[in-house]
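Visitor: Test case, fold it:
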Amino acid sequence: MTAPAARTAGGSRRLLCSLVPIILLLLLPATTNSAYSHSVVTATSTTKRVTTRRRDGFKRAPTTTLTFITRKGEGASPFLSRLMRRRGGASAAAAAKKKQSLLEEDEEDDEALEEEEEEEEEEEEEEEEEDEGVTEEDFNDGSYVSKLKKEYRRTPPLTKAYLLTSLGLTGAAMLFNKNQWPEWLLLDWSKVFTRLQLWRPLTSFLYFGTFGFNYLLSAHFMWTYMSHLEKLKCKNPAEFVTMVAFGVAFLLAGSQVMGFQPHYLGHNLSCYLVYIWSRMFEGQDVDVMGLFHLPAHLLPWFFVAQTVVLEQELPLSDLLGIAVGHLYHYASTRKLVRPPSFLRDIFAQEKLRKLYRKFEDDLH
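Guide: Prediction:
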């Protein structure tokens, strides 16, 4: 080979060597794109197989395949990336919804348990209160003493004070004065004015006779009708005080007008209150000592007959009480008798209002 030919061959080899890297650089992107396309095709076919299997009823989770798709096709196809994000978001939403439902169920179970515990605690408290409320009176409910205690608690304060004072003085007279009412408690107008024994007009209304069956019977009648009248006025006790004061004043004055000098007026006051009660419940029947029934408006006249039969004397005290009672009934129905303002102010105090409020239920 000649020298020119050798130079030509050497130049061709150098040219070829310089072109090989350029050709390789040009072919590399195509090869990479081909590999990416093959990866995308593989991922797509795998996704289709997974979807087909899930539709056919297989329960195999596509977690591994989805991970492979994500790793192989990352950045290769925007559509595939959106698809994977949707699938992943749907799975996350379903999982979150399921978790939320489980939490709600747990909360409902907790609330149900708390309600059951509260109900059990309330039942236990009620049982404890019932156990604590059991006293000796519950086992002696039918005894006479327990009935007396119950009626004592149900008696209004003014009636209770009046009858306890009468019972105390009568009992003391029986124990310490040979069952004779003390003379210094009887009504005597001469000693009222000359010796200023101003208590006598009032203490004369505490006497129902010497201690015995007649006294207990008279005191029981007084308790029955006086306590009921006071309960009827429990919302305005000043009216009850005015009613009693009216009767006391006119009975004292009436005894002087009628010309007889009684030493005691307790029976007169009971007739006065019974007449007022009978007019308030006019038209109703009254059970008289469990023996028979009597119309309410005839009850005062029954006491008049009782005085005539048992005591065999003219019932002037009964008739005086009926007359004064009729006078009060007439004046009160026409609003001629009203409690004074100072009495209304006294009974308007919260302590007294609370004391009388508990007797309202006895009227229903």
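Visitor: and stretch 348-361, how far apart are its ends?
Guide: One end of stretch 348-361 sits 20 Å from the other (CA to CA, to the nearest Å).
Visitor: Just say helix, strand or coil for residue 235.
Guide: Secondary structure, DSSP: H, G, I helix; E, B strand; the rest coil: residue 235 is coil.
Visitor: Can you verify my assumption that it contacts residue 360?
Guide: Yes. Counting by CB atoms under 8 Å, residue 235 does reach residue 360; the two are 7.2 Å apart. The way it works is simple: take the backbone N, C-alpha and C, and place the C-beta from them, glycine included.
Visitor: Neighbour count: those two, which is higher?
Guide: residue 235 (14 against 11; other CB atoms under 10 Å).
Visitor: how near is residue 300 to residue 152?
Guide: 27 Å (CB to CB, to the nearest Å).
Visitor: So which of those two has more stuff around it?
Guide: Using other CB under 10 Å, the more surrounded residue of residue 300 and residue 152 is residue 300, with 24 against 10.
Visitor: which outside residues touch the helix or strand hosting the more buried one?
Guide: Counting by DSSP states H and E, the element that carries residue 300 is helix 299-311. For helix 299-311, contacts defined as CB atoms under 8 Å, 6 or more residues apart in numbering pick out 221, 270-271, 274-275, 277-278, 286, 288, 294, 313-315, 317-319, 321-322, 325.
Visitor: go again using 10 Å as the cut-off
Guide: With CB atoms under 10 Å, 6 or more residues apart in numbering as the test, helix 299-311 has contacts from 214, 217-218, 221, 225, 267, 270-279, 281, 286, 288, 292, 294-295, 298, 313-319, 321-322, 325-326.
Visitor: Name the spans of the stretch 1-150 of the chain whose pLDDT lies under the cut-off.
Guide: 1-97, 99, 106, 125-142 (pLDDT under 70).
Visitor: In the host helix or strand of residue 168, which residues are buried?
Guide: Per DSSP H and E, residue 168 falls inside helix 157-176. Across helix 157-176, burial judged by 16 or more other CB atoms under 10 Å covers 158, 159, 160, 162, 163, 166, 167, 169, 170, 173, 174.
Visitor: Of those residues, which is the nearest to residue 345?
Guide: The closest of the buried residues of helix 157-176 to residue 345 turns out to be residue 158 (CB to CB; 17.1 Å).
Visitor: Now do the buried residues in the helix holding residue 300.
Guide: Neighbour-count burial for helix 299-311 flags 299, 300, 301, 302, 303, 304, 307 (criterion: 16+ other CB under 10 Å).
Visitor: what does stretch 355-364 give?
Guide: Result for stretch 355-364 [16+ other CB under 10 Å]: buried residues 356, 359.
Visitor: pLDDT of that stretch, averaged?
Guide: Stretch 355-364 comes out with an average pLDDT of 78.
Visitor: ok, now stretch 280-294?
Guide: Stretch 280-294 comes out at a mean pLDDT of 83.
Visitor: returning to that earlier point: buried among the contacts of helix 299-311? Need that as a selection in ChimeraX.
Guide: Buried residues within the contacts of helix 299-311, by 16+ other CB under 10 Å, are selected in ChimeraX with:
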select :218,221,225,267,270,271,272,273,274,275,276,277,278,279,286,315,317,318,319,321,322,325
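Visitor: Let's see which of the contacts of helix 299-311 end up in helices.
Guide: If you go by DSSP state H, those have 214, 217-218, 221, 225, 267, 270-279, 316-319, 321-322, 325-326 in helices.
Visitor: Neighbours of residue 192, how many?
Guide: When counting by other CB under 10 Å, one arrives at 14 neighbours for residue 192.
Visitor: so it makes contact with residue 203?
Guide: No. Applying CB atoms under 10 Å as the test, residue 192 and residue 203 come out as separate, 11.1 Å apart.
Visitor: now the strands for the chain?
Guide: For the chain, the strands defined by DSSP state E cover 285-288, 292-295.
Visitor: Those strands: which one's closest to residue 344?
Guide: Closest of the strands of the chain to residue 344 is strand 285-288, at 32.0 Å (criterion: CB to CB).
Visitor: counting contacts, what elements does the closest one pack onto?
Guide: strand 292-295, helix 299-311 (3 or more CB pairs under 10 Å, 6 or more residues apart in numbering; DSSP states H and E).
Visitor: my guess is residue 249 meets residue 337, correct?
Guide: No. Using CB under 10 Å, residue 249 is not in contact with residue 337; the gap is 11.2 Å.
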